[in-house]
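Q: no FASTA, just this:
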Ligand SMILES: [Zn+2]
């Protein structure tokens, strides 16, 4: 007799979809079966797809540090509602995760409050040495975040976007030399270097020399042009080639370098790429109406970029979807383009966006378990415990009804401050059940209120 059974679904195995049933005694999948077996608790998911729990490699839960924006309780409830059973948390809250002390503090802070499993990124600050690097690898970081385009506040190490107009001392954006030195310190199999690739000097120049007559969203695009992304990605490819370090481009918004990335990879460069749901669902024309609510960096670009990013997901040039969940308080967003803070609360939306794209015929459904789960699990050392439905893996499962729709109202969105542009959108597909290690987090589309937060710290294993 099994403890639980998920019956009558279409199970998306790494080899493809099969009709059947999943069973387990506890936290792992113990059987994938074509016939019904005895089980204590059964869920009949007839007509639905059974996918591995999604892994979101790019989340800013703002915790600790900015409880008015978000916290881990809300970000992981939202993650769960979106079928995400593991988040990789970015380091830049207060204090940022930058050494083994702050790393341990973060694990402790999330323990008992996170509804989903979590891994941690660490912040790289120019000048950190090899013993620092080794200790963080030992502690279990999934990788290091390099904010190439941005300065850091010298005291708090928090991000400074507009550093030319900042009145406190800053750590300047790293130079190309700084980044190369760091990449050469890294082992070639192990933690990944995540790069926010926007060239600070291009952005700074554009900000100092406004283009006459260019206002509103056109000004955002003028100040954060595709070339700021493209030129840094070109450089990064060459640094990765020379150093052989594993590098990862976060939140790709410009599609211009996709061919170069593809080519570099075929030449053996160890590079991966993520893009975010807001770059796939909208383009510059759509987002203009949302004013500050739609402000993210890099910005949502023209429709050609949107279409080519979707192409990249289809072909595999873009490895994975990750949300760059970066919530702000409504008072920081309900402003014009210039004043609003950049960032969107998208952790709930990655998997749903892919399902929606598949429903529109833009993406084959079989790409979804790879983009949302298998690829990040393999890249960040979480596979085979996470990333695919197979015997012995953690029973992290998402049950999706492709025929239903999801209307994103205040009830459905679990981030602290549900807001545009996600609020009041309707997407094709509905997440019906979500299980973390064999236990339900979401049932019949609703978050299980009052359940304990059982998310665990996940340590990567590098092979
Ligand atoms: Zn981010």
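A: Received, thanks. Because the structure is a prediction, the values reported are computed rather than measured.

Q: biggest helix in this structure by residues?
A: helix 226-243 (DSSP state H).

Q: Tell me the strands beside the helix or strand that it is followed by, with direction?
A: Of the helices and strands lying after helix 226-243 in sequence (DSSP states H and E), the nearest is strand 247-249. Sheet pairing of strand 247-249 (DSSP bridges) gives strand 192-196 (parallel), strand 271-275 (parallel).

Q: which element follows the first one toward the C-terminus?
A: In other words, strand 192-196. helix 200-208.

Q: Any buried residues in that next one, and which?
A: For helix 200-208, the neighbour count (16 or more other C-beta atoms under 10 Å) marks 200, 202-204, 206 as buried. The C-beta positions use only the backbone N, C-alpha and C, and glycine is treated the same way.

Q: pLDDT on the longest helix of the chain, on average?
A: The average pLDDT for helix 226-243 rounds to 97.

Q: Pull out the buried residues from it.
A: Neighbour-count burial for helix 226-243 [16+ other C-beta under 10 Å]: 226, 228-233, 235-237, 239-241, 243.

Q: Please name the residues that touch the residue positioned nearest the centre of the chain.
A: What sits nearest the mean C-alpha location of the chain, by C-alpha atoms, centre = their mean, is residue 322, with 2.6 Å. Contact analysis of residue 322 by C-beta atoms under 8 Å, 6 or more residues apart in numbering lists 56-58, 250-251, 274-276, 350, 376.

Q: and with 10 Å instead?
A: By C-beta atoms under 10 Å, 6 or more residues apart in numbering, the contact list for residue 322 reads 54-59, 84, 87-88, 194, 248, 250-252, 273-277, 346-347, 350, 371-372, 376.

Q: And the pLDDT at it?
A: pLDDT, read off for residue 322, is 98.

Q: how close does the spatially closest residue to residue 274 that is not a sequence neighbour sit to residue 342?
A: Spatial nearest neighbour of residue 274, chain neighbours left out: residue 322 (4.0 Å); criterion: C-beta to C-beta, 6 or more residues apart in numbering. In this view, residue 322 and residue 342 are 17 Å apart by C-beta to C-beta, to the nearest Å.

Q: Where does residue 462 sit: helix, strand or coil?
A: Put simply, residue 462 is coil when judged by DSSP: H, G, I helix; E, B strand; the rest coil.

Q: which ones are touching the closest residue to it other than its chain neighbours?
A: Excluding its sequence neighbours, the residue lying closest to residue 462 (C-beta to C-beta, 6+ apart) is residue 190, at 4.6 Å. Taking C-beta under 10 Å, 6+ apart as the contact definition, residue 190 lies against 133, 137, 141-143, 245-246, 381, 460, 462-463.

Q: Try it again at 8 Å.
A: So residue 190 contacts 137, 246, 381, 462 (C-beta under 8 Å, 6+ apart).

Q: now do residue 374
A: Counting by C-beta under 8 Å, 6+ apart, residue 374 has contacts 14, 52, 383, 387-388.

Q: Could you list the domains of this protein?
A: 2-49+394-447, 53-379 (automatic domain parsing).

Q: mind putting those domains in TSV, distance to residue 453 included?
A: Below are those laid out as TSV (distance: least, C-beta to C-beta, whole Å):
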stretch	distance to residue 453
domain 2-49+394-447	10
domain 53-379	5
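
Q: Tell me which of these sits most buried.
A: domain 53-379 (a mean of 21; mean count of other C-beta atoms under 10 Å).

Q: Now do the lowest-mean-pLDDT helix or strand in the chain: everything it contacts.
A: None of the helices or strands of the chain scores lower by mean pLDDT, DSSP states H and E than strand 159-160, at a mean of 80. For strand 159-160, the external contacting residues (C-beta under 8 Å, 6+ apart) are 92, 147, 150-153, 166, 170.
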